[in-house]
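> Predicted model follows, preceded by the sequence.
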Amino acid sequence: MALRVLGIETSCDETGVAVYDTARGLLAHALHSQVAMHEAYGGVVPELASRDHVRRVVPLVAQVLRDAGIGMADLDGIAYTQGPGLAGALLVGASVATAMAYALRIRTIPVHHLEGHLLSPLLSEPAPDFPFVALLVSGGHSQLFDVAGVGHYRLLGDTLDDAAGEAFDKTAKLLGLPYPGGPALAQLAQGGTAGAATLPRPMLGSGDLDFSFSGLKTAVLTLVRKETHGDLSASLSMARKADIALEFESAVVDVLVAKALAALAQTGRRRLVVAGGVGANRQLRARLAAASRARGCEVFFPDLAFCTDNGAMIALVGALRLAAAPPSDYTFAVRPRWDLTAVGA
Ligand code: KG4
Ligand code: ZN
């Protein structure tokens, strides 16, 4: 029998809602991004994020049910992002999901945000079969996992400091680019000249599967200081910024590609899955696709809409886990910090 799960994502600055049907797949999804609201502050303001989720989530639920052509009574479970993320923001999704599930007497399924990212390529065609290696690159994480099945996640490598997306965002800020920095830097890089600037490839020869990106950001700062004679306010030309942006992007991509290939070699897996916001990066997608193909491996990316935070990936995980979910007692707690390897099958 087909089961229908509503998914609610409110861990950071996007309100995402979706309905997933175990027989028919994704029925509808909707997203409200708070980017414009946080832009003036150059980063996410947690209290503003929570308040905006409160305003958006119920209308988005109504919209998604309408788009899916179903009513509340057709739902079999409600999944919500339990963590990791901003506590206040998580509480909005958790309380709305629990209240609705209580009224409908159906199960709640608390979902790990990163499990959503990790399994998001299952929303696209062709979907990868298990097992696979997953490269998870977002604003908060740069990790490699060996994924044997739902809930079977072994951490292969992690960042020692900044996440890849964080490095993109901080470097973009340093170059005076608008918020959010990652996509802006990637766009600027398209106009850069390859080889016109030189930056290091951190941890490339470290012999393990770990990453470190904070030194790269410092190397950009040092380069910009040198070229502006220590006066950061003396701005570089856009053309020069584009050269630096391209070199920065290439350095991050070089390291991510090398480590992802090393993870495939180490585990003997033939499939690579890329997930998380940085997975939207075009150079990363092209280089990983070419490198994997050259090794006879398949690579899977989520659709661009499901790379960054969204409700569809939460509804999907909820649908995969509904059958095994215990009956709800309609209490809830959020987990602002939560290790993915602790979720269990
Ligand atoms: O997965 P996500 O939406 O949120 C987290 O859970 O962190 O990822 C957001 C991150 C941000 O750091 C953003 O700058 C980065 O993904 N990002 C990109 C691109 N699009 C988003 N980084 C590089 N190139 C892109 N095209
Ligand atoms: Zn995310």
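Received the coordinates, thanks. Ligands and ions are numbered 1, 2, ... in the order given.

> hang on, Phe301 packs against Leu284?
No. Look at Phe301 against Leu284 with C-beta atoms under 8 Å: they stay out of range, at 9.2 Å. Glycine gets a C-beta too; all of them are placed from N, C-alpha and C.

> between those two, who's got more neighbours?
For Phe301 versus Leu284, neighbours defined as other C-beta atoms under 10 Å are more numerous around Leu284 (23 against 20).

> Give the phi and psi angles for the closest residue to that one other than its chain neighbours, as a check.
Excluding its sequence neighbours, the residue lying closest to Leu284 (C-beta to C-beta, 6 or more residues apart in numbering) is Val253, at 5.0 Å. For Val253, the backbone dihedrals (degrees, to the nearest 10) come out as phi -70, psi -40.

> mind checking how far Val253 is from Ala103?
48 Å (C-beta to C-beta, to the nearest Å).

> Looking at these two, which one has more neighbours?
Val253 (21 against 10).

> Surely that one touches Arg285?
No. Val253 lies out of contact with Arg285 (C-beta under 8 Å); the separation is 9.6 Å.

> residue boundaries of the helices in this structure?
35-39, 46-68, 87-104, 113-119, 164-174, 181-189, 214-227, 238-267, 282-294, 312-322 (DSSP state H).

> Now tabulate these in CSV and tack on mean pLDDT.
Shown next, in CSV, are the helices of the chain (pLDDT from 0 to 100):
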stretch, mean pLDDT
helix 35-39, 95
helix 46-68, 98
helix 87-104, 98
helix 113-119, 96
helix 164-174, 95
helix 181-189, 97
helix 214-227, 95
helix 238-267, 98
helix 282-294, 97
helix 312-322, 98
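
> Can you tell me which of those is packed in deepest?
Burial of the helices of the chain is given as mean neighbour count (mean count of other C-beta atoms under 10 Å); helix 312-322 ranks first at a mean of 28.

> Let me know whether that helix sits next to ligand 1.
No. Judged by C-beta under 6 Å from any ligand atom, helix 312-322 makes no contact with ligand 1; its nearest approach is 9.7 Å.

> Can you pull up the residues of the stretch 201-345 of the chain that come close to ligand 1?
So far as C-beta under 6 Å from any ligand atom goes, the stretch 201-345 of the chain lies against ligand 1 at Gly276, Gly277, Val278, Ala280, Asn281, Thr308, Asp309.

> What sits closest to the residue in the stretch 51-200 of the chain that ligand 2 sits nearest to if chain neighbours are left out?
Closest to ligand 2 within the stretch 51-200 of the chain is Ser138: 4.6 Å, counting by C-beta to the ion. Leaving aside its chain neighbours, Ser138 sits nearest to Gly276 (3.4 Å; criterion: C-beta to C-beta, 6+ apart).

> show me what contacts that neighbour?
His117, Leu136, Val137, Ser138, His141, Gly165, Cys307 (C-beta atoms under 8 Å, 6 or more residues apart in numbering).

> Name the residues that touch stretch 262-271?
Contacts of stretch 262-271 (C-beta under 8 Å, 6+ apart): 128-129, 131-133, 135, 144, 146, 156-157, 209, 272, 292, 295-300.

> Name only those of the residues you listed that count as buried.
128, 131-133, 135, 144, 146, 156-157, 209, 272, 292, 297, 299-300 (16 or more other C-beta atoms under 10 Å).

> Tell me which of those residues has the lowest pLDDT.
Lowest pLDDT of those: Ser292, 94.

> Would you confirm that that residue contacts Glu298?
Yes. Using C-beta under 8 Å, Ser292 is in contact with Glu298, at 6.7 Å.

> shared neighbours, the two?
Leu272.

> near ligand 2, which residues of the stretch 1-150 of the chain show up?
Taking C-beta under 5 Å from the ion as the criterion, the stretch 1-150 of the chain approaches ligand 2 at residues Ser138.

> Now the spatially most central residue of the chain: phi and psi?
Taking C-alpha atoms, centre = their mean, the centroid of the chain lies closest to Gly276, which sits 2.6 Å from it. The phi and psi torsions at Gly276 (degrees, to the nearest 10) take the values phi 100, psi 160.

> contacting residues around the residue nearest to Leu284?
Asn281, Gln283, Leu284, Arg287.

> Among the residues you listed, which one sits closest to Leu223?
Gln283 (19.6 Å; C-beta to C-beta).

> Who's the closest spatial neighbour of that closest one, skipping the chain neighbours?
Val253 (5.2 Å).

> and the residue nearest to Leu284, how far is that from Asn310?
In terms of C-beta to C-beta, Val253 sits 23 Å off from Asn310.

> Same question for Ala196.
Distance from Ala196 to Asn310, by C-beta to C-beta: 36 Å.

> neighbour count winner among these two?
Asn310 (26 against 13).

> give me every residue that touches the more buried one.
Contacts of Asn310 (C-beta under 8 Å, 6+ apart): Glu9, Glu14, Gly16, Ala18, His29, Leu31, Ser120.

> The fourth one: what's it in contact with?
Looking back up the chat, that one is Ala18. 6-7, 26-30, 64, 310-312, 314-315 are the contacts of Ala18 under C-beta under 8 Å, 6+ apart.
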